[in-house]
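**Q** quick one, fold the following:
(2 chains)
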Amino acid sequence: MGNFEFSEMRVPAKADYVGIVRLSISGIANRIGFTYDEIEDLKIAVSEAITNAVDHAYQEGDNGEVSVGFGVYDDRLEVMVADHGGSFDLNDVKGGIGPYHSSESVENLREGGFGLFLIDALMDRVEINNHDGVIVLMTKYLHENGVGLDDDQISATQ
Amino acid sequence: MDLTIDVTDADNQSTVWLSGEIDAYTAPQLKEALVPLTTSEGHQVIVDLEDVGYMDSTGLGIFISALKSAKEHNSSIRLKNLQDRVLRLFQITGLDDIFTIDTAIWGGNK
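**A** This next block holds a predicted model:
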């Protein structure tokens, strides 16, 4: 647990803003020491969550907003994406996710539905809450095998 | 955060050169450019993704649409020069099994 620093942004629920949130997550993840590949994972996962919220708002016909919260902890980054539309059938959404299996014919392939699967695959922990709108809370841990971050231990022995 | 789409045509073949990012914002223009190319019988569509540095599931959705359309119209689509990160997306989702992906230069030159 421990202390954390929290940032939040609210953007219109429009596809135009997905890239802007992606730049923000990239900046925050870079600052706290995630690797290049981890940052790319975070960019995709967060974009998927925002895209879901944007699609959701569009289907509801509202011009809502999406809230994105970034919680920076010592050992992890938590990202919360919330829309404020009506609820949708979560089981319906969950039933439609998963990788492609070669037994499925191309004709039956769904064009959407990989979004939540990718969030799950790219993040360490994902929770979805569906009471008043949809909240996706996803966590990625900092792994301490980066380069040079613990160098001060070495200089201390001299 | 834009996507540039250039198409060059030769006989029975179109090459689509993509540059930029494929996400929910740029995917509609990609769909509009790509899917109609797959609707003439026997046509071969090659998509060059060398300069695509970011793609998410909306991009996968567009390529799935194009692949379905190609099957339906007896045309073909192949993807080439994918950067590692973009190729990884196809691998994680298992879609590398059904797409013809030319991986000769993957890893790219960036």
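**Q** the closest residue to A:D16 other than its chain neighbours: neighbour count?
**A** Once flanking residues are discounted, A:D16 sits nearest to B:Y25: 5.4 Å by CB to CB, 6 or more residues apart in numbering or on different chains. Where you see a C-beta, it was placed from the backbone N, CA and C, and this is true even at glycine. If you count neighbours by other CB atoms under 10 Å in any protein chain shown, B:Y25 ends up with 22.
**Q** thought B:Y25 was touching A:I20?
**A** No: using CB atoms under 8 Å, B:Y25 is not in contact with A:I20, being 9.7 Å away.
**Q** does A:V79 have beta-bridge partners, and which?
**A** A:F70, A:M138 (DSSP bridges).
**Q** wait, it touches A:L42, no?
**A** Yes: counting by CB under 8 Å, A:V79 touches A:L42, with 7.3 Å between them.
**Q** what is in contact with these two at once?
**A** Common contacts of A:V79 and A:L42 (CB atoms under 8 Å, 6 or more residues apart in numbering or on different chains): A:I25, A:K140.
**Q** what parts of chain A come near chain B?
**A** When proximity is defined as CB under 8 Å from any CB of the partner chain, chain A approaches chain B at A:15-16, A:18-20, A:22-23, A:37, A:40, A:43-44, A:47-48, A:50-51, A:54-55, A:99-102, A:106-107, A:109-112, A:114-115, A:117-118, A:121-122.
**Q** which of those count as buried?
**A** In terms of neighbour count (16 or more other CB atoms under 10 Å in any protein chain shown), the buried residues within the residues of chain A next to chain B are A:15, A:18-19, A:22, A:40, A:43-44, A:47-48, A:50-51, A:54-55, A:100, A:109, A:111-112, A:114-115, A:117-118, A:121-122.
**Q** for chain B, which spans come out with low pLDDT?
**A** B:104-110 (pLDDT under 70).
**Q** mind giving me the packing neighbours of the longest helix out of those in it?
**A** In chain B, ranked by residue count with DSSP state H as the criterion, the top helix is helix B:57-73. Packing partners of helix B:57-73 (3 or more CB pairs under 8 Å, 6 or more residues apart in numbering or on different chains; DSSP states H and E): helix A:36-60, helix A:114-122, strand B:13-22, helix B:27-34, strand B:44-55, strand B:76-80, helix B:84-93.
**Q** ok now it, how far from the chain's centre?
**A** Between the centre of helix B:57-73 and the centre of its chain there are 9 Å (CA atoms, centre = their mean, to the nearest Å).
**Q** buried residues in that helix, which are they?
**A** B:57-71.
**Q** need the helices and strands packed on helix B:57-73 in a markdown table (columns: distance to A:D75).
**A** Formatted as a markdown table, the helices and strands packed on helix B:57-73 follow (distance: least, CB to CB, whole Å):
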| stretch | distance to A:D75 |
| --- | --- |
| helix A:36-60 | 13 |
| helix A:114-122 | 18 |
| strand B:13-22 | 30 |
| helix B:27-34 | 35 |
| strand B:44-55 | 27 |
| strand B:76-80 | 38 |
| helix B:84-93 | 25 |
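**Q** for the ones you listed, which one sits closest to A:H131?
**A** helix A:36-60 (14.2 Å; CB to CB).
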